[in-house]
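S.K.: this one's sequence-less:
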């Protein structure tokens, strides 16, 4: 799987603009996970966020307008947890273990 992840990381270079913002959400699941990891790594795991704050962080990392898609995917892939009413979000504690094979070692 490690070799595949390296290939996906290389392919993902084409999905980012010169400012490092995602210009298109990938269709392949492994590439989506890598993209979501890049975003969640910018969040503080020790704090609670409002939906507006989450949207702002996502907006900094994407060049297209579908913030809701990314937020939904981050929740569905269990990078983020949230209260049922959506008033509070947080980074899930175990996402690094769940997606350990996808994390690029620098």
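M.R.: Structure's in. What do you need? As the structure is a computational prediction, the values presented were derived from the model and not from experiment.

S.K.: can you tell me which residues contact the residue nearest the centre of the chain?
M.R.: Central residue of the chain (Cα atoms, centre = their mean): residue 36, 1.7 Å from the mean position. Shown in contact with residue 36 (Cβ atoms under 8 Å, 6 or more residues apart in numbering): 70, 73-74, 77, 79. C-beta coordinates here come from the backbone N, C-alpha and C atoms, glycine included.

S.K.: If we use 7 Å, what do you get?
M.R.: 73-74, 77, 79 (Cβ atoms under 7 Å, 6 or more residues apart in numbering).

S.K.: Among the residues you listed, which one sits closest to residue 30?
M.R.: Distance from residue 30 was checked for each of those by Cβ to Cβ. The minimum falls on residue 77, at 11.4 Å.

S.K.: quick revisit: please indicate which of the contacts of residue 36 has the highest neighbour count?
M.R.: The most crowded member of these, judged by other Cβ atoms under 10 Å, is residue 74 (26 neighbours).

S.K.: what's the closest non-adjacent residue to that one?
M.R.: Nearest residue to residue 74, sequence neighbours excluded (Cβ to Cβ, 6 or more residues apart in numbering): residue 80, at 4.5 Å.
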